[in-house]
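>>> Fold the following.
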Amino acid sequence: MKEMQFTAMVLMSMLTLTLVFLLPRRAERDRSFVRSRWLMAGGMALLAVQFLLQYVFGFREMGVTQAVMINLLFFIPTSVLISLALISLQCQGRLSWKRWMPGLVAYALTVLSICWAAVITGDVLSGSEELQRAEYLSSFVYLIMQLYYSYVVKKGNDRLDEALKNYYDRYMGDLLDWLRRAVNILILIAIFAPLLIFSTGWILTAYALLIFFSIYYLVFSFICYGVSNDSRRIQVAEQNAVETKRDELQGNPVFADGEKKRVERAVERWLAAGGHLHCGITMPIAASEIGVPRYLLSAWLKTTDDQLFNPWLTHLRIDEAKRQLLAHPDWQSETIAERCGFSSRTYFQTVFKKHTGMSPTEFIELEDQKNLP
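All right, here's what the predicted structure looks like:
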């Protein structure tokens, strides 16, 4: 156990130093990421201190109750800071006090319950039944708090995912995959923490290893996100969603039949000219080429089966790809992808199979079989 505590202390210290000192300068230009980075670094620093105290003072050797008390006093603020780092990243650094309150309340309840147990017993390190009951209560509070934060992060992911789908002409949701995994990690840690932090032996060891790996993955993914251009792409898409909503409020809030028909005619002309087959177009570009405001195009898309820009455009391109495949079965996938607006052969084949359940080659073979006498 001592070796594991020492290893964890070194790992958390290294992650903290990486977040504070070792990120490239281009990551520092993103203010929202910088604010999230300091929150994440604070969480890692608290974990490093927690393992340092466990290692130096040997709380685990004193007993399970004493070790759990220290874990809760540090795990709860750590979880709060990590969760707020993710939420701040989603909100471009605009973090309200409303998001801080559940964590502050949970920590206050934990400290008060442990202090109350200390007053009753006269010794907080005695491992008394009062302290155990205080820890059970604190574990339950921690679970509720983390489930709340996980829900907030998930809702933020859904909002960003919709913004991406309504801006880019290709699926960009993979930019948020690490955040989705982070939510699942936080939920699993929160659910099992009340059950496993009171355990001993190999169960505790396995749970500790799971926590180490999960935290390392979370911080490493966070750092990779910060040094990439992913955050910029997401911010652009979200800004477009904000501007579209603002224009909608300033314009006619009711999508009248006359406007709908006007947009439909403009869209039909754009499609007839092959505007949807150009690679790399975005919602603002499409709206400009079609000749309608963004908010009108967005409102019109909501009347279609696809609802959003990317799914709508993808279905149109898949339909065109089917026509091209039937008309030119000898063409390579690269040619079809280029003519239908897909960014690459691999992406075209992936999207085609997702929508049709078969590869382009299998589609041609199936159509040939249908045409056999």
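>>> secondary structure class for the nearest residue to Trp100 once chain neighbours are set aside?
Nearest residue to Trp100, sequence neighbours excluded (CB to CB, 6 or more residues apart in numbering): Leu84, at 7.0 Å. All C-beta spots, glycine's among them, are computed from the backbone N, C-alpha and C. Three-state call for Leu84 (DSSP: H, G, I helix; E, B strand; the rest coil): helix.
>>> show me what contacts Leu84?
Neighbouring residues of Leu84 by CB atoms under 8 Å, 6 or more residues apart in numbering: 39, 95, 99-100, 103, 149.
>>> Now render these as TSV, adding pLDDT.
Compiled in TSV, the contacts of Leu84 are given as follows (pLDDT from 0 to 100):
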residue	pLDDT
Leu39	93
Leu95	86
Arg99	92
Trp100	94
Gly103	94
Tyr149	92
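>>> which of those residues has the most neighbours?
Tyr149 (24 neighbours; other CB atoms under 10 Å).
>>> check which helix or strand covers that residue.
Counting by DSSP states H and E, the element that carries Tyr149 is helix 129-165.
>>> Helix, strand, or coil at Thr205?
Classification of Thr205 using three-state DSSP returns helix.
>>> what does Gly280 give?
At Gly280, secondary structure determined by three-state DSSP is coil.
>>> ok, now which ones touch it?
169, 343.
>>> cutoff 7 Å now
Residues near Gly280 by CB atoms under 7 Å, 6 or more residues apart in numbering: Asp169.
>>> My guess is Tyr225 contacts Trp178. True?
Yes - look at Tyr225 against Trp178 with CB atoms under 7 Å: they come within range, at 6.4 Å.
>>> Compare these two (neighbour count), which wins?
Tyr225 (21 against 16).
>>> Roughly how far does the more buried one sit from Leu277?
Distance, Tyr225 to Leu277, by CB to CB, to the nearest Å: 32 Å.
>>> Could you do Lys2 as well?
Distance of Lys2 to Leu277, given as CB to CB: 64 Å.
>>> Between the two, which has more neighbouring residues?
Leu277 (19 against 11).
>>> Please read off the pLDDT at that one from the model.
Looking at Leu277, its pLDDT is 93.
>>> Assess the claim that it and Asp319 are in contact.
No - contact criterion CB under 7 Å: Leu277 and Asp319 do not qualify, at 11.0 Å.
>>> shaky segments in the stretch 201-350 of the chain?
The stretch 201-350 of the chain contains residues with pLDDT under 70 at 251-255, 257.
>>> Please repeat the previous calculation with a cut-off of 90.
By pLDDT under 90, the weakly predicted segments of the stretch 201-350 of the chain are 201-235, 239, 241-262, 293, 295-296, 299, 302-304, 306, 326-333, 343-344.
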